[in-house]
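Visitor: Sequence and predicted structure are below.
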Amino acid sequence: MILFELFIGFLKVGCFAFGGAYGAIPLIRDVVLSYGWLDEEMLTYMIAVSESTPGPIMVNLATYVGNSQAGLAGSILATVAVVLPSFLIVLLVTVLLKTLLKSPYVQAVLRGIKPCMIGIILATGVYMIWKNGVVLQENSLLLRPLILTIVLGTVYFGSRKLRKGGISPILLICLSAVAGVAAYGL
């Protein structure tokens, strides 16, 4: 009986939780408290633990509650129940998109969205650089070392990408770490 309750309870959470993890917490709270699986204090602790562990909060909470109520089988069942609706929706969208992507109208929309997204990402990057890399001080403009690092990195990797056709993510992470240490010190 508890396995069925875990499945139904977390299936409800998976079906009706919208707006990300923090939007799902009230629904998780209602389900967990209504079934009596956790009390208010323990739920608060588990939300904190779920936020600090890798993975989505809903999945972490479902796994913990399932395990605390019915062991390994409960944790597996609760986790499957909370991700099942999202999995099915993504599967359905994928199947529909295969046919929709062939439509000339959808292709036109996607071609129109692509430059808009590039502009939004570029504007966000410029805004973040301006807010974090430029200091206005007594009628003068000071550039933090971050600006120099970004400009040099962009020029270097942009020219390298054009010449070789790709950038190693591992090399990029290591060089960014070195640049951060050089720019800001230890």
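Guide: Yep, it's here.
Visitor: So for stretch 125-145, mean pLDDT?
Guide: Average pLDDT, stretch 125-145: 66.
Visitor: Please disregard the earlier target; I meant stretch 70-87.
Guide: 94.
Visitor: Just the C-alpha atoms of it, please, in CSV.
Guide: In CSV, the C-alpha atoms belonging to stretch 70-87 read as follows (Å, rounded to 0.1, in the frame of the first residue of the first chain):
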residue,chain,number,x,y,z
ALA,A,70,9.8,1.9,2.0
GLY,A,71,13.5,1.4,1.5
LEU,A,72,15.2,0.9,-1.8
ALA,A,73,12.0,0.0,-3.6
GLY,A,74,10.2,3.1,-2.3
SER,A,75,13.1,5.4,-3.4
ILE,A,76,13.1,3.9,-6.9
LEU,A,77,9.4,4.1,-7.2
ALA,A,78,9.1,7.6,-5.9
THR,A,79,11.9,8.8,-8.1
VAL,A,80,10.4,7.2,-11.2
ALA,A,81,7.0,8.7,-10.4
VAL,A,82,8.3,12.2,-10.1
VAL,A,83,10.3,12.1,-13.4
LEU,A,84,7.8,10.1,-15.4
PRO,A,85,5.5,13.0,-16.5
SER,A,86,8.5,15.1,-17.6
PHE,A,87,10.0,12.1,-19.5
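Visitor: If you count neighbours, what's buried in it?
Guide: 70, 74-83, 85 (16 or more other CB atoms under 10 Å). Glycine gets a C-beta too; all of them are placed from N, C-alpha and C.
Visitor: So which of these belong to helices?
Guide: Using DSSP state H, the subset of the buried residues of stretch 70-87 located in helices is 70, 74-83, 85.
Visitor: Tell me which two of the residues you listed sit farthest apart.
Guide: Ala70 and Pro85 (20.8 Å; CB to CB).
Visitor: Contact partners for Met128?
Guide: With contacts defined as CB atoms under 8 Å, 6 or more residues apart in numbering, Met128 has no neighbours.
Visitor: Hmm, I typed the wrong one, I wanted Asp39.
Guide: For Asp39, the contacting residues are Leu33, by CB under 8 Å, 6+ apart.
Visitor: Next: the one 10 residues further on.
Guide: Applying CB under 8 Å, 6+ apart, one finds that Val49 lies in contact with 60, 64.
Visitor: and the helix or strand harbouring it, how far out from the chain's middle?
Guide: Counting by DSSP states H and E, the element that carries Val49 is helix 40-52. Chain-centre distance of helix 40-52: 20 Å, with CA atoms, centre = their mean, to the nearest Å.
Visitor: Format the CA atom coordinates belonging to it as CSV.
Guide: Presented in CSV, the C-alpha positions along helix 40-52 are these (Å, rounded to 0.1, in the frame of the first residue of the first chain):
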residue,chain,number,x,y,z
GLU,A,40,7.2,20.2,8.8
GLU,A,41,10.6,20.4,10.5
MET,A,42,12.1,17.3,8.8
LEU,A,43,10.7,18.5,5.4
THR,A,44,12.5,21.8,5.9
TYR,A,45,15.8,20.0,6.7
MET,A,46,15.3,17.8,3.6
ILE,A,47,14.7,20.7,1.3
ALA,A,48,18.0,22.2,2.6
VAL,A,49,19.8,18.9,2.0
SER,A,50,18.2,18.5,-1.4
GLU,A,51,19.4,21.9,-2.5
SER,A,52,23.0,21.2,-1.4
